[in-house]
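need a structure here:
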Amino acid sequence: MTTIQTLIRRTSPFRQGLLLAACALCLNCGTGWAADATSASPASAAKPAAAASQPPKASSAQARVAKAGKRAKASKGAKHAKPRKTAIKPDAGTPYGSRADVMAFAHAQAESLGYDEEALRKLLMQARQLPAVQRLVMPAPAGTAKNWQAYRERFVEPQRLQAGLAFWQAHAAALERAQAQYGVPAEIIVGIIGVETFYGRITGEFRTLDALATLSFDFPTGRKDRSEFFQDELRQFLILCKREHFDPLGVKGSYTGALGFAQFMPGSWNRFGVDFDGDGRIDLMGSADDAIGSVANFLVQHGWKAGQTTDYSVAAPVDSIARATLLGQDVVPSFTAAQMAKLGAVLSPAGQMYESLLALVELQNGGAAPSYVAGTENFYALTRYNWSAYYAMGVIELGRQVAALRRAQ
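Got it, this is the predicted structure:
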């Protein structure tokens, strides 16, 4: 989300309010730059504008994309194509050198990480403290309005749809295999990679060693301290580099240290990454197939259930107390369809037949009435990838639209 946050910070205060929702809360980075709107108080008088649980019909603009998509050709040699990186350049920063706390980290960790202590010292001495990283992890200004429609328009737009169609064509076999093996639909994987990096086009220009060192040893004040989390990610990064034979000084990613097509943090790479192209390596930066399999594996490990949808249409209760009761559990599925109906929620016919638990999810629309969906366990699983209902719904909507365009070919 580096590019989005930079855009927000450079634009006018009015547009900041519209674009803020485009910065979501990554589980993989754990920074929580923007607040998850589902935890906000429900509107006192909101007319429901629930998102459909089935793929929406393509608009005229999307129809033009579909027509253009028919001419899109699968990229050649894409199996190990290197992602294009964002044009945003971080500042040079200040070398850590032999700073005491950094050297103490090297002394304490070298043996367990399998590094020679002197070699690890020399490596960490070359890490740089980056003020840009410290600025970017700070929370958004208090009171900034969230806007689902602005967020959706940021991702469900012609260029990204066409790129998604081309990505699906290029990696159809891997997507089909991931769906068969893990039970995660291709459109969900396509949605995630599209939202995360525009299908590998925007992966970050921050040297990962610098980003993780900055957040490990100089986490900014003014927000919850996450330095312990990032010190563990620095350890995981060093493990990753040794195992995969990466040059720690040459790896680049987001300002929080997220890497590759799917923006996995090093720890997530080590725990959930899979060698899906069978070349003996797990390369989430160079292999789209590995990224596809790893995204599917991550979701399954976080509760994804094969054959289950992500959400149903719902009209929220008119009564504010009943609505607050349903929203009180945030995105955690906690109510049966019957319980939701008893509190005044009106589910779609398919939702009324759903046998497991649901969550009422509120998506704010600035000054307009909020939108609502009934989220399943699979909606919740998507928020484990990224701690935001906006993110989960953005992934779902992007994937659905790309799938609709593919079916229209």
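
Could you use CA atoms for every contact and neighbour count after this?
Fine.

measure the residue nearest to R99 when sequence neighbours are not counted to A132 for me?
Counting by Cα to Cα, 6 or more residues apart in numbering, the nearest residue to R99 once its immediate chain neighbours are dropped is M125, at 7.9 Å. Going from M125 to A132 by Cα to Cα, to the nearest Å gives 19 Å.

Could I get the full set of strands for the protein?
94-95, 128-129, 206-207, 252-253, 311-315, 346-347, 359-365, 368-375 (DSSP state E).

which of the residues in stretch 238-255 are buried?
Residues of stretch 238-255 classed as buried: 238-240, 248, 251-255 (neighbour count, 16 or more other Cα atoms under 10 Å).

Mind checking which of those land in helices?
Applying DSSP state H to the buried residues of stretch 238-255, the entries found in helices are 238-240.

would you list those in CSV and tack on distance to F155 and pLDDT?
As requested, those are arranged in CSV below (distance: Cα to Cα, whole Å; pLDDT from 0 to 100):
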residue, distance to F155, pLDDT
L238, 33, 98
I239, 34, 98
L240, 31, 97
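
can these go into CSV with extra columns for distance to E157?
Conversion of those to CSV gives the following (distance: Cα to Cα, whole Å):
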residue, distance to E157
L238, 38
I239, 38
L240, 35
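
Geometric centre of the protein: which residue is closest?
Central residue of the chain (Cα atoms, centre = their mean): N386, 4.7 Å from the mean position.

Okay, and the beta partners of that one?
On DSSP bridges, the residues paired with N386 through beta bridges are C26.

Which residue is the nearest non-sequential neighbour of Y354?
Nearest-residue entry for Y354: A337, 6.7 Å, with adjacent residues in sequence omitted and distances by Cα to Cα, 6+ apart.

Tell me where this protein is predicted with low confidence.
When residues are selected by pLDDT under 70, those of the chain lie in 1-91.

repeat that with 80
Low-confidence regions of the chain, defined here as pLDDT under 80, cover residues 1-92, 140, 142-144.

quick one: contacts for the residue nearest to F276 when sequence neighbours are not counted?
Computed as Cα to Cα, 6+ apart, the closest residue to F276 that is not its neighbour in sequence is D290, at 4.6 Å. Under the criterion of Cα atoms under 8 Å, 6 or more residues apart in numbering, the contact partners of D290 comprise 273-277, 282-284.

Please apply the same query to L357.
L357 touches 333-337, 376-377, counting by Cα under 8 Å, 6+ apart.

Please repeat the previous calculation with a cut-off of 7 Å.
With contacts defined as Cα atoms under 7 Å, 6 or more residues apart in numbering, the neighbours of L357 are 333-336, 376.

Can you select the buried ones from these in PyMOL?
Entered in PyMOL, the line below selects the buried ones among the contacts of L357, by 16+ other Cα under 10 Å:
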select buried, resi 333+334+335+336+376
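
Just the closest of the contacts of L357 to E153, please.
When these are compared for distance to E153 (Cα to Cα), T376 comes out closest, at 23.7 Å.

The closest one contacts Q308, correct?
No - here T376 does not reach Q308: they are 8.0 Å apart, not a contact under Cα atoms under 7 Å.

most remote residue from the chain's center?
Ranking residues of the chain by C-alpha distance from their mean position (Cα atoms, centre = their mean) puts E118 at the top, at 36.7 Å.

and it, what is it in contact with?
By Cα under 7 Å, 6+ apart, E118 has no neighbours at all.

And it, how far from A345?
63 Å.

And Q308, by the same measure?
Following Cα to Cα, the distance that separates Q308 from A345 is 21 Å.

So if I had to pick from the two, which one is more boxed in?
More neighbours surround A345 than the other of Q308 and A345, with 23 against 16 (other Cα atoms under 10 Å).

which residue sits closest to A306, ignoring its sequence neighbours?
When the adjacent residues along the chain are set aside, A306 lies closest to G183, with 4.4 Å between them (Cα to Cα, 6+ apart).

what about that neighbour, neighbour count?
Residue crowding around G183 was assessed by other Cα under 10 Å; the count is 19.

distance of it from G307?
When distance is defined by Cα to Cα, G183 is 7 Å away from G307.
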